[in-house]
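J.: could you look at this predicted model? Sequence included:
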Amino acid sequence: MAAMIKMPKQLLLLSLILCGFLQPVYAENAVCIFDDVEFKTDFPTARLNGCREKDGEYFLTIKPEKKPINPSPWYAFRVISEDTGRIAITLNYEVGKHRYWPKFSINGRDWYRVNENDLEIAEDGRSARITVKVKAEEPLWIAGQEIFTSRQHTLWMLSAARTHDFLDIYDLGKSSGNREIYKLESRAASPEARTILLLGRQHPPEVTGALAMVPFMEALFADTELARHFRARYRIVAIPNLNPDGVALGNWRGNKNGQDLNRDWGRFTQPETELVRREMTRFGEGRDGALALMLDFHSTWENLLYTQPEAEPTQPENFAAAWHQAVMARAGDIPFRLAPEDSDLEKGTSKGYFYAAYGIPAITYEMADDADRDNIHRLATIAAEEMMKIMLAD
């Protein structure tokens, strides 16, 4: 039997709330209605671009929002069948190769990995055949990862602000598709308090990064002596969902304009990155203390930290190496690689920009696509605690 993928309790609660309140989405998804089976895309994050039926099997086309593009072939749809039984679905990728192991859900909140025996990936990786069991007239969600919508992000932030009296939620402005982008900010003990910036969801399919950012923030907001001491000295600014359009539209990589936000830092051609640049001027000008650290949460093939190399000085000195070592001392059983690389501003990444602009540790926190969800939570909690210890010692 498939093992259930565990999501944070807060996200499960929000999923329950959201079941009856799915927001409309305007993506170019296909309408797929056959004699006894229908594939639906009437929910946020959906991605299905074409379909056909042959000899009782269903062949679905998955396309990116633009080409060329990073190979992150996201898919998400619901299946409704008139009959109970097993059906075969083949995903054909117009670009790239199969990446995300399919998950399924009967209610949109509890997710399971498709069994290995029910998944066949073509030798060239350009298609994947899934066999699933359906019940008559009962929807079955299928997606590359657990569905984590923009609305869930927003409600989690609202819940955090209600729970913690030191937190406020602000509307930063509008995305390229006119959706709100929100930030959480802790009230600083003094105007001179230094600030850490947390960014998330620049790339829509990178759900494991989003799942890491939640417990990381929870550790910073916790009612512990360490967290209280940290908040007395540091302001926390968190923007968990910088690309709400891309998330809602089921994009592989970009925003509504098809632009990769994590290649736009320093250029600031997109509203989303420009909002953050404008927000950060208060720290560069010294109006609210200084920016001390930037962490950007993503997903890739393995757990790792993209950091500054030793040749690029930071304060605290060698922060990334010290942080990684402290985390591994407590979580050595979880693979988590330190990956120093030059902070090339020309790449347009948040890591490169924030190091060049502020001279601070600017790190991309990456979780593997298939990372164990319990390990994601444990690692993020430990990472947050060890980060606080190092920053407090500075």
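T.: All right, it came through fine.

J.: which elements pack onto the strand or helix carrying R228?
T.: Assigning secondary structure by DSSP states H and E places R228 in helix 225-233. Using 3 or more CB pairs under 8 Å, 6 or more residues apart in numbering; DSSP states H and E as the contact definition, the elements that helix 225-233 packs against are helix 207-221, helix 373-393. (Each C-beta comes from the backbone N, C-alpha and C, glycine too.)

J.: single out the most deeply packed of those.
T.: Greatest average neighbour count among the helices and strands packed on helix 225-233 goes to helix 207-221 (a mean of 24), per mean count of other CB atoms under 10 Å.

J.: residue ranges for the helices of the stretch 1-150 of the chain, please.
T.: With DSSP state H, counting those that start in this stretch as the definition, the stretch 1-150 of the chain shows helices at residue ranges 9-18, 150-163.

J.: for the ones you listed, which has the smallest mean pLDDT value?
T.: Out of the helices of the stretch 1-150 of the chain, the stretch the model trusts least by mean pLDDT is helix 9-18, with a mean of 44.

J.: before we move on, the earlier item: what angle do the helix holding R228 and helix 207-221 make?
T.: Between the axis of helix 225-233 and that of helix 207-221 there is an angle of 80 degrees, by axes from the mean of the first three to the mean of the last three CA atoms, to 10 degrees.

J.: may I have helix 225-233 exported as PDB, CA atoms only?
T.: Taking Å, rounded to 0.1, in the frame of the first residue of the first chain, the C-alpha atoms of helix 225-233 are listed here in PDB:
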ATOM      1  CA  GLU A 225      14.300  31.100  24.800                       C
ATOM      2  CA  LEU A 226      16.500  30.900  21.700                       C
ATOM      3  CA  ALA A 227      13.800  32.300  19.300                       C
ATOM      4  CA  ARG A 228      12.800  35.100  21.800                       C
ATOM      5  CA  HIS A 229      16.400  36.200  22.200                       C
ATOM      6  CA  PHE A 230      16.900  36.100  18.400                       C
ATOM      7  CA  ARG A 231      13.800  38.200  17.800                       C
ATOM      8  CA  ALA A 232      15.000  40.700  20.300                       C
ATOM      9  CA  ARG A 233      18.000  41.400  18.200                       C
END
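
J.: list the buried residues of that helix.
T.: Taking 16 or more other CB atoms under 10 Å as the neighbour-count basis, helix 225-233 is seen to contain the buried residues 226-227, 230-231, 233.

J.: stretch 330-338 too?
T.: Of the residues in stretch 330-338, those buried under the neighbour-count criterion (16+ other CB under 10 Å) are 331, 334, 336, 338.

J.: cool, and stretch 68-78?
T.: For stretch 68-78, the buried set under the neighbour-count rule, 16+ other CB under 10 Å, comprises 69-70, 72-78.
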